[in-house]
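Novice: Generate coordinates for the sequence data below:
(chains A and B)
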There are 2 protein chains.
Amino acid sequence: MGVGLTEFLSIELATEHPQVIPISVFIAILCLCFVIGHLLEENRWVNESITAILVGAASGTVILLISKGKSSHILVFDEELFFIYLLPPIIFNAGFQVRKKKFFHNFLTIMSFGVIGVFISTTIISFGTWWLFPKLGFEGLTARDYLAIGTIFSSTDTVCTLQILHQDETPLLYSLVFGEGVVNDATSVVLFNAVQKIHFESINGLTALRVFGNFLYLFATSTVLGIGVGLVTSFVLKALYFGRHSTTRELAIMVLMAYLSYMLAELFSLSGILTVFFCGVLMSHYASYNVTESSRITSRQLHVFAMLSFIAETFIFLYVGTDALDFTKWKTSSLSVAGTLEVSSVITALVLLGRAAFVFPLSVLTNFMNRNTQRSETITFKHQVIIWWAGLMRGAVSIALAFKQFTFSGVTLDPLNAAMVTNTTIVVLFTTLVFGFLTKPLVNYLLPHDESHNTGNRDKQSAPGSPKEDATLPLLSFDESTSTNLSRAKDSLTLLIEQPVYTIHRYWRKFDDTYMRPVFGGPRPANQPEC
Amino acid sequence: MGVGLTEFLSIELATEHPQVIPISVFIAILCLCFVIGHLLEENRWVNESITAILVGAASGTVILLISKGKSSHILVFDEELFFIYLLPPIIFNAGFQVRKKKFFHNFLTIMSFGVIGVFISTTIISFGTWWLFPKLGFEGLTARDYLAIGTIFSSTDTVCTLQILHQDETPLLYSLVFGEGVVNDATSVVLFNAVQKIHFESINGLTALRVFGNFLYLFATSTVLGIGVGLVTSFVLKALYFGRHSTTRELAIMVLMAYLSYMLAELFSLSGILTVFFCGVLMSHYASYNVTESSRITSRQLHVFAMLSFIAETFIFLYVGTDALDFTKWKTSSLSVAGTLEVSSVITALVLLGRAAFVFPLSVLTNFMNRNTQRSETITFKHQVIIWWAGLMRGAVSIALAFKQFTFSGVTLDPLNAAMVTNTTIVVLFTTLVFGFLTKPLVNYLLPHDESHNTGNRDKQSAPGSPKEDATLPLLSFDESTSTNLSRAKDSLTLLIEQPVYTIHRYWRKFDDTYMRPVFGGPRPANQPEC
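Specialist: This next block holds a predicted model:
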């Protein structure tokens, strides 16, 4: 498509269908991305996020050249598009395909990484930037800005690392990185919103406590909402037995109810991310069984949800890539090129430090807490390094929050704000490209493959509950006689003290099989070895 | 949700996320629709379109009451939303799940109904309105308006009838109604666009010919574009063998390429409907085989595409229902209540007449043309009545075209234009509700069920090529020896004269198996009894 043709078409269509051209271009680029991503799949250094960012940047360049330097609308990152249309399917799919057993076994560790970690990281980055920015001659930011910067750069992007780790090879590590990623996203968004509500004029000792209280409230209500919507959907599907009539209708209801849960959470100013995550967990646990046989195969193999998530993910990285080429904000920035590099380097250093400051201590603490359990799975130092590294990438959530804080509908005329937006873009590009580039070699170095590299089976759900995993779990028996109940109760009490998580899990499974599954759906215990 | 809460939320959210509330409301209503539609599935009178329109109207009333009569943004039909986001998945899914063999066997009949029929119907309605409207005191429309009205009311909505007919019970009838529906949509949109381009100041004898030539050009290029995109996608999927690596990626590529074909067609002012339909046909014929086994099951069982189509379809009828409650255009209308009813009645009568004027003659002609073939399947008079009735409903395409012709971005201040928009809404509501209501009883009266009512198997693909169908087809043999080729060629020539469609089809299958399938994908001939 030459310049002349594009301009002709722009004039022809601009009045009638202004979206047609950008949508067509973006879809074509997305398809290109998938093909290139596929061709580079066996490559040692590049992963799909990097591919998408680079393709996005290249396309942005081409668009800039065609439009002769005028910044096209296609290049501007729209924070609303991200939060309302792209993020929900990704997080829902994460909840839908999470290995629930692993996730809940490591629940405390994941929560400490995802919640306490973000608090530590935010504190370090906020104080660090507040201390160092003026020394670099970058002044004028308010206290709210510094706190916002702390939360913006505490949100990790673990997509890149998850593409390299394998759920079957390193289940503990995968579960920790994956779980932390979800909780971290939610925590940083919730904390960012909490920071917006601080009244800095009447700040006192209680402020931090109030922020934390507000955070806990949002966290709890969002989770409850997600679980509620998931249970209602499961119940409706089970009660009406849609599956008998239509296999598409119940998939449509699942998709729409999940999206509704996200929207409701946003409507009540809760965390949509947490809500839709737990909605996904509940739906894969109950609702996905309330469909006909053929449709259940689909939803377990996750094609609809995985596809939507895959498209949204690639779209975001493409978007970040093209957005980097939006030169208006580079021109508006108050910083020189050297100044921008200095500020970005400081932020990157603080990101490295802020993450190290919680990953290693919390891992040691977790290992110490678990020393009494029969689990052989401690977080080794190598694992700690990988967890640290996995959370160094900053992604679309950081960009979206930065746009929310420093622009008004994607546009900023204030040089200071423009400078922060460009710095965020640089940090995101640098961490994703450089750190992301080094992830594959690092993981391969620290965790040499014992098994053959099984990328081909990526989508294949591994056999339910591998024997090794189940060995560490107290075995469940469903043929209890009353005579053994007493000794069993004693054992249970001992277990509860020694292995709280496993014991809770055991009782949950019993409760689930007896009361929940008959109401909300799911296989009978006998033919269901997987939780 | 009380009035107070809604208002509070509106104020809170209006600045930050203006779409959140309408999206949430619409999704909740959609889910409600699915549940009600399911509960009413066995009902004799109501079908899903009617349910959706009634639920939409009810919701519109509630919204009007809550907003105290102020017309909310949620109620305005957005023609762009319809053409860019909702129509493509419906038409793609139609192409994807069409029984290709049946469709192409009846190709000539379908095309004559879908193309010649629209021309006849447009002529009758245009002249009828031009003759009758001034007699009712409704004056001021231009020649372009009358021609546009002709095309607007020639686009049928066969969704409702297709929900009642069964592909397995009455394959010929289903194929004709379904095929006509798709071709009709495309023809009326293309013709509508052709009418927009007529220069009425320099009208002469060649104008009609030029419109027809333009139409043929658009039809051919759109088809070629759709086939091209379908073949490219199939080839890419086959060449890269995506399936080995990822089952989600190739589904994503199929969805995006299909959408891209629609967008490209719109970009070049072709018919996106035709393009995406043929793209769907090609993809289900080739591309859907170029995926892993598990994913192929999915795409053949059509869950992703069927789900998207199902959501879009319900959404449209809901939309039409709520749009009817948008009172601003009722107030702007130049017509009194009685005048509106008169004009709407005239249009409805012309719709009935215009359709009868081509269904019965063209059916007789088709039967006459097919008298020499061995086909026992003639279009009986009962079938003709059902085909006539099936196309009486006017739907979302009519509304969308009316908005395009008579409003500017959904708003009109001209009393004459507002009158036409309200008349269109009334005709659509009347035909869908009243005629739609009578469809089930009519079909049951004309075609009493021989077999048991198999709604439960609606999604199940019937066994490929039932023996009865295949018996009417010249058998194909793949073990040809050179000695029999000559006599075979003679037979072929005789066949070609006697049964042109079947013979073309036979050669096509041979060509397909020998040259196309190896390049673009699909099963080997031996294990593929279905075309």
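Novice: switch to C-alpha atoms for all contacts and neighbour counts from now on
Specialist: Noted.
Novice: low pLDDT regions in the stretch 251-400 of chain A?
Specialist: Applying pLDDT under 70 to the stretch 251-400 of chain A picks out residues A:291-302, A:372-377.
Novice: quick one: secondary structure of the closest residue to chain B within it?
Specialist: Nearest to chain B, among the residues of the stretch 251-400 of chain A, is A:Met307, at 5.1 Å (Cα to the nearest Cα). Using DSSP: H, G, I helix; E, B strand; the rest coil, the structure places A:Met307 in helix.
Novice: Could you find the closest non-adjacent residue to it?
Specialist: Once flanking residues are discounted, A:Met307 sits nearest to B:Thr248: 5.1 Å by Cα to Cα, 6 or more residues apart in numbering or on different chains.
Novice: For the one you found, give me its contacts.
Specialist: B:Thr248 sits next to A:His303, A:Ala306, A:Met307, A:Phe310, B:Ser295 when contact means Cα atoms under 8 Å, 6 or more residues apart in numbering or on different chains.
Novice: Burial check on the fourth one, number of neighbours?
Specialist: This points to A:Phe310. Number of residues near A:Phe310 (other Cα atoms under 10 Å in any protein chain shown) recorded here: 19.
Novice: doesn't A:Pro88 make contact with it?
Specialist: No - at 11.9 Å, A:Phe310 and A:Pro88 do not qualify as touching, with contact defined as Cα atoms under 8 Å.
Novice: quick one on the thing from earlier: burial count for the residue of the stretch 251-400 of chain A closest to chain B?
Specialist: A:Met307 has 23 nearby residues by other Cα under 10 Å.
Novice: now swap in A:Val519 and tell me
Specialist: 16.
Novice: before we move on, what about A:Gly137?
Specialist: Residues lying near A:Gly137 (other Cα under 10 Å) number 11.
Novice: In terms of pLDDT, where does it sit?
Specialist: Here, the pLDDT recorded for A:Gly137 equals 84.
Novice: Give the full set of residues in contact with it.
Specialist: A:Gly137 neighbours (Cα under 8 Å, 6+ apart): none.
Novice: same thing with A:Thr407?
Specialist: Contacts of A:Thr407 (Cα under 8 Å, 6+ apart): A:Asn417, A:Ala418.
Novice: which residues in the stretch 251-400 of chain A form helices?
Specialist: A:272-285, A:293-301, A:303-323, A:327-332, A:337-369, A:381-390, A:396-406 (DSSP state H, counting those that start in this stretch).
Novice: can I get those in JSON lines with distance to B:Val519?
Specialist: Formatted as JSON lines, the helices of the stretch 251-400 of chain A follow (distance: least, Cα to Cα, whole Å):
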{"stretch": "helix A:272-285", "distance to B:Val519": "38"}
{"stretch": "helix A:293-301", "distance to B:Val519": "28"}
{"stretch": "helix A:303-323", "distance to B:Val519": "26"}
{"stretch": "helix A:327-332", "distance to B:Val519": "45"}
{"stretch": "helix A:337-369", "distance to B:Val519": "50"}
{"stretch": "helix A:381-390", "distance to B:Val519": "42"}
{"stretch": "helix A:396-406", "distance to B:Val519": "40"}
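Novice: Which one of the ones you listed lies nearest to B:Met516?
Specialist: helix A:303-323 (27.8 Å; Cα to Cα).
Novice: Verify the contact between A:Asn214 and A:Ala194 for me.
Specialist: Yes - using Cα under 8 Å, A:Asn214 is in contact with A:Ala194, at 7.1 Å.
Novice: element containing the residue nearest in space to the middle of chain A, please.
Specialist: Most central in chain A under Cα atoms, centre = their mean is A:Val182, positioned 4.1 Å from the mean C-alpha point. Here A:Val182, judged by DSSP states H and E, is contained in helix A:171-196.
Novice: Any residue of that helix touching chain B?
Specialist: No - remark: helix A:171-196 sits outside contact range of chain B, by Cα under 8 Å from any Cα of the partner chain, the gap being at least 12.4 Å.
Novice: what angle do the host helix or strand of the residue nearest to A:Met307 and helix A:303-323 make?
Specialist: Under the criterion of DSSP H and E, B:Thr248 resides in helix B:247-267. With axes from the mean of the first three to the mean of the last three Cα atoms, to 10 degrees as the basis, helix B:247-267 and helix A:303-323 are set at 60 degrees to each other.
Novice: thinking again about what came up before, how about CSV for the contacts of B:Thr248, with distance to B:Ile36 added?
Specialist: Shown next, in CSV, are these (distance: Cα to Cα, whole Å):
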residue, distance to B:Ile36
A:His303, 27
A:Ala306, 29
A:Met307, 29
A:Phe310, 32
B:Ser295, 31
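Novice: Closest to B:Phe327 out of these?
Specialist: For the contacts of B:Thr248, the nearest to B:Phe327 is A:Met307 (40.5 Å; Cα to Cα).
Novice: B:Ala252 is in contact with that closest one, correct?
Specialist: Yes - the pair A:Met307 / B:Ala252 is scored as a contact, 5.7 Å apart, by Cα under 8 Å.
Novice: Do I have it right that A:Gly37 meets A:Glu48?
Specialist: Yes - applying Cα under 8 Å, one finds A:Gly37 in contact with A:Glu48, separated by 5.5 Å.
Novice: Check the gap between A:Ile50 and chain B for me.
Specialist: 17 Å (Cα to the nearest Cα, to the nearest Å).
Novice: what do you get for A:Val118?
Specialist: For A:Val118 relative to chain B (Cα to the nearest Cα), the value is 25 Å.
Novice: where does that residue land on pLDDT?
Specialist: At A:Val118, the pLDDT recorded in the model is 92.
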